[in-house]
Each structure stands twice: as C-alpha cells, then as structure tokens.
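Visitor: Need a 3D model of the following:
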Amino acid sequence: MEKTPTLDHEIVPNNSPPLRGNDDTLSSRSATLLVLVVFIMSLLGMVWVFAQFPELDEEDTRQLRLPREINDAKDLGRLLSKYKDSHYYTVLSSYFLTYIFLQTFAIPGSIFLSILSGFLFPTVLALSLVCTCSGIGATFCYLLSSLIGRGLVRKYIPERAEKWREQVSRHKDDLINYIIFLRMTPFLPNWFINIVSPVIGVPITPFFIATVIGVAPPSFLFIRAGTTLYELTTATSHISWFSIGMLAVLSVLSILPVLFRRRLREKLD
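Guide: The predicted structure is shown next:
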C-alpha cells in the first residue's frame, strides 16, 4: 500500500540549503502571533491610507470597499476616477498598498484591482503597478509562509506539495523559467505557489523575479479589459480566444529555453 507523504522531513530541492526561519528557530505559537500582529498592523495601515481621502458623502462611502464582483469594481472605479485628478497620489498609494495587502494575505480580489488599473491609469503605468505589487505582495506572502506555512502545508496539502517539490527538484537549474511558466498558466494557483515555495526551498530571488515577469502577460489582458470597464459583465468577458492563444504561446516560449538546454545537455553527456 502506497504511503501518503506527510512532509515530516524538510522539503527542499536537491542540493538546496534548509529553509531558515522554520519551526526549529521560531515556535509555531510565536510565528502565528507574529503573523497576526503583522496582519493587524497592515489592516490599521490600510485604514489610515483610506482616511487620507477627502470627506465622502454617504453614497461614496458605500462604494469605497474591496470589489468582490465586477459591479463592485465599477462602483469603485467610478469613485476613484472622481477623486483621481484632485487627489492623485492618495488614489495611487491607496491602490498600491491595497493590492499588496491582498496579495500578502492571499485575499481574493486582486483580479478586480488589475482591471481597475486599466481604467484609472495609462497602460504602461498600470502594468508596472500590477507587476510590482504582485511581486512585492507575493514575496511578503512567501516570507509569512516561511514562518507558519510548514505546519499548514503538512496538515492540509502534503501530497500536492510533495509532488511540486519533485517538480522543483527537476527544474532546480531553471527555476525562473519554470515559475514564469506557472505564473502564466492555470496549472497551479498563485496562492499555492506563494505559500508552498518557502516550504519546499524555492529561493526568494528567483521567486520574486519570476513572479514579476510571469504575471505580466495575464495582467495585461485584465488591464486592457479595464479600459472598457463599464462594458464588462464579468471579469473575463472581454478576454478573447485570440488573447488566450497568445498567452499560451508566451507560456510555451517561457519554457522553451529549459527544454533546449536539457536536450543540449543530453547530447553533450
């Protein structure tokens, strides 16, 4: 009978150093308390940021909330565009910090913020914002997971994490290309990559670089959709088969150097 992986051992790629900041150096209770403190401080920071907005009337106050569906995004877009010209940096910083907050704590809603960026800002600025926020937020999530993620992964998703550890071990020489590929495809959800990466020993530098690059193509599709925000009926209603095909092509191109190097290595061996 096949034994189910338990992740009791350190899950790291071959020849990778053990992950620091794990349960051996920081107790689970202390780590959980630290993450809770970070969350509360971040939440208070968000409250302070939105307190910098000018005094809002009752209708505007109702619209100032995290979007959970496309109609929420339309309401928020209408509100932010109303104040963007007179309070540009307040709107910009609020967007920036909110996106990072959602990414850091794996809270749904960042897809609607990507759409909003296309509505509020020029395309180049919007794409730069989304990629930067995604990279920073995902890295913060990585760091928090390095404190408390091991126990959660061991308890809830040991088999899935073990399978990905094996994949990471096989791609240890091409981690950046491999993670870029995963960020552009739906094979693994972003929250899974962010949480499990430090547990299985993915180094933080290639993780950050690959995240910033890998989220760009899919984010561009949502940013372009945001330019016609009021015409959208769902978050994906303006994504065409052509766009999906282009995304698939870019995903294949991201992994081609890996396949080429492997084939060349096999011939040389």
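
Visitor: can we go C-alpha only for contacts and neighbour counts from here?
Guide: Fine.

Visitor: which parts of the helix or strand encompassing Leu221 are buried?
Guide: Element membership for Leu221, per DSSP states H and E: helix 216-226. Neighbour-count burial for helix 216-226, counted by 16 or more other Cα atoms under 10 Å, picks out 216-226.

Visitor: And for stretch 109-122?
Guide: Applying 16+ other Cα under 10 Å to stretch 109-122 flags 109-121 as buried.

Visitor: Identify the residues contacting it?
Guide: 66-70, 73, 77, 80-81, 95, 99, 102-103, 126-127, 130, 219, 222-229, 235 (Cα atoms under 8 Å, 6 or more residues apart in numbering).

Visitor: Send me the helix holding Leu221 as CSV with only the CA atoms.
Guide: Extracted C-alpha coordinates of helix 216-226, given in CSV (Å, rounded to 0.1, in the frame of the first residue of the first chain):
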residue,chain,number,x,y,z
ALA,A,216,2.8,40.5,-16.8
PRO,A,217,1.0,38.7,-19.7
PRO,A,218,-2.2,37.7,-17.9
SER,A,219,-2.3,41.0,-16.1
PHE,A,220,-2.1,42.8,-19.4
LEU,A,221,-5.3,41.1,-20.6
PHE,A,222,-7.2,42.3,-17.5
ILE,A,223,-5.7,45.8,-17.8
ARG,A,224,-6.9,46.0,-21.4
ALA,A,225,-10.3,44.8,-20.2
GLY,A,226,-10.3,47.7,-17.7
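
Visitor: ok, Thr98 to Thr90 distance?
Guide: Thr98 sits 12 Å away from Thr90, going by Cα to Cα, to the nearest Å.

Visitor: who's more crowded, these two?
Guide: Taking neighbours as other Cα atoms under 10 Å, Thr98 and Thr90 compare with Thr98 leading, 24 against 19.

Visitor: and the next element down the chain from the one helix or strand that one maps to?
Guide: Per DSSP H and E: Thr98 is located in helix 88-104. Sequence order places helix 110-120 as the next helix or strand after helix 88-104, per DSSP H and E.

Visitor: Just the buried residues of the following helix or strand past that following helix, please?
Guide: Scanning forward in sequence from helix 110-120 by DSSP H and E, the next helix or strand is helix 123-156. For helix 123-156, burial by neighbour count (16+ other Cα under 10 Å) applies to 123, 126-127, 129-151, 153-154.

Visitor: orientation of the helix or strand harbouring Ala161 relative to helix 123-156 in degrees?
Guide: Element membership for Ala161, per DSSP H and E: helix 158-170. On the basis of axes from the mean of the first three to the mean of the last three Cα atoms, to 10 degrees, helix 158-170 is oriented at 120 degrees to helix 123-156.

Visitor: ok, now how distant is the nearest residue to Thr228 once chain neighbours are set aside from Glu231?
Guide: Spatially, and ignoring its direct neighbours in sequence, Thr228 is nearest to Phe119 (7.2 Å; Cα to Cα, 6 or more residues apart in numbering). Distance of Phe119 to Glu231, computed by Cα to Cα: 12 Å.

Visitor: can you list the weak-confidence ranges in this structure?
Guide: 1-27, 258, 261-269 (pLDDT under 70).

Visitor: same thing but 80
Guide: Along the chain, the parts satisfying pLDDT under 80 run over 1-32, 58, 233, 235-244, 246-248, 250-269.

Visitor: Buried residues, the helix holding Ala161. List them.
Guide: 158-159, 161-162, 164-166, 168-169.

Visitor: now for it, which elements pack on it?
Guide: For helix 158-170, there is no helix or strand it packs on, judged by 3 or more Cα pairs under 8 Å, 6 or more residues apart in numbering; DSSP states H and E.

Visitor: got the CA coordinates for it in CSV?
Guide: Provided in CSV are the C-alpha atoms of helix 158-170 (Å, rounded to 0.1, in the frame of the first residue of the first chain):
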residue,chain,number,x,y,z
PRO,A,158,1.0,17.3,1.9
GLU,A,159,0.6,15.2,-1.3
ARG,A,160,0.2,18.2,-3.6
ALA,A,161,3.2,19.9,-2.0
GLU,A,162,5.3,16.7,-2.3
LYS,A,163,4.5,16.4,-6.0
TRP,A,164,5.5,20.0,-6.6
ARG,A,165,8.7,19.5,-4.6
GLU,A,166,9.6,16.8,-7.0
GLN,A,167,8.9,19.1,-10.0
VAL,A,168,11.0,21.9,-8.4
SER,A,169,13.9,19.4,-7.9
ARG,A,170,13.8,18.5,-11.6
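
Visitor: Please consider this matter closed, and thank you.
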